[in-house]
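Q: This is the structure alone, sequence omitted:
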């Protein structure tokens, strides 16, 4: 499995690569926030697609201030938590960095009943190889997802 999406207008996207017993999620964007939003889209695409005509619901989220890698981990874990506990899948995100360094934003979610499952539901994000960094081409993220 290798899936890629790239939003030319925003220069953000994600790529999923097979990895031993899990999946490697790579995301990028011109800003930290757009890179994180691409990671949320990538995580959702790992295992599902919404049925045609499915309506989304906005749900707020907050991730505490911390190192970039920990905030990436926190955001992806929040997505997995919502799938497990609320039965809703975050399929998109609007991420905002707060003055104190924390993240807030809105997930666009769909009910699990309104998806077509295309792969294994993610169980966790591992710390191995986790990174969120800024380089010459913008921001990039990498996370290993246990499925």
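A: Yes, it's here. Note that the structure is predicted; figures quoted are calculated from it, not measured.
Q: downstream neighbour of the helix ranked longest in the chain in the secondary structure list?
A: When secondary structure is assigned using DSSP state H, the longest helix within the chain turns out to be helix 68-86. Moving toward the C-terminus from helix 68-86, the next helix or strand (DSSP states H and E) is strand 88-97.
Q: do you know how far residue 26 is from residue 62?
A: Per C-beta to C-beta, to the nearest Å, residue 26 is found 25 Å from residue 62. Yep, even glycine has a C-beta here, placed from its N, CA and C like the rest.
Q: So if I had to pick from those two, which one is more boxed in?
A: residue 26 (18 against 11; other C-beta atoms under 10 Å).
Q: low pLDDT regions in the chain?
A: 1-10, 19 (pLDDT under 70).
Q: What ranges does it have for its strands?
A: With DSSP state E applied, the chain shows strands at 3-7, 12-19, 22-29, 48-50, 57-63, 88-97, 103-111, 115-117, 124-135, 138-146, listed in chain order.
Q: same for the longest one, what does it pack against?
A: Judged by 3 or more C-beta pairs under 8 Å, 6 or more residues apart in numbering; DSSP states H and E, strand 124-135 is in contact with helix 32-45, helix 68-86, strand 138-146.
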